[in-house]
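**Q** Sharing a model that was predicted from the sequence below.
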Amino acid sequence: SLAVHIQTSRALMVISLLLGFFGIIVSVVGMKCTKVGEEDPVTKSRIAVAGGVLFILSGLCTLAAVSLYATQVTYEFFRESTVPINARYEFGSALFVGWGAASLTLLGGSLLCCSCPAKERRGQQYYRQAQPSTAREYV
């Protein structure tokens, strides 16, 4: 049986993968360049924000899992034990890749959340002039 912190980290990473997968699907539906789903731009941007929230949650789960494991490695390293220092666990490249992945996922989710339309822009109507005022001929 595995240690509790390893099982917890594994469960958090599985949850993170599932949230990221659903975040990809929701974000693709919410992109302006796709014809999937609603045609209303406000609804599309709200769907994109929902995808961004899923990405942020995925990044937080990844960050929690990697940091939990790193905390346990640090605790075991500095604990008084009979294992010589050169045989103890140290931070490996997978931890740094995990922190980098969590950071990029949080950044991407934050950028998707920035696509939310401003409230004052929703009701504005844009009128086009028939012709520019400088093009008028005065007779």
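**A** Arrived safely. Numbering: from 1, shown residues only.
**Q** For residue 60, give me phi and psi.
**A** Main-chain dihedrals, residue 60, degrees, to the nearest 10: phi -70, psi -40.
**Q** correct me, but it touches residue 109?
**A** No. Using Cβ atoms under 8 Å, residue 60 makes no contact with residue 109, being 9.2 Å away. C-beta coordinates here come from the backbone N, C-alpha and C atoms, glycine included.
**Q** So for these two, which residue has more residues nearby?
**A** residue 109 (25 against 17; other Cβ atoms under 10 Å).
**Q** ok, now which ones touch the more buried one?
**A** Contacts for residue 109 (Cβ atoms under 8 Å, 6 or more residues apart in numbering) come out as 23, 51-59.
**Q** Assign a three-state SS to it, would you?
**A** helix (DSSP: H, G, I helix; E, B strand; the rest coil).
**Q** how many neighbours does the residue nearest to it when sequence neighbours are not counted have?
**A** Leaving aside its sequence neighbours, residue 109 sits nearest to residue 55 (Cβ to Cβ, 6 or more residues apart in numbering; 3.1 Å). Residues lying near residue 55 (other Cβ under 10 Å) number 27.
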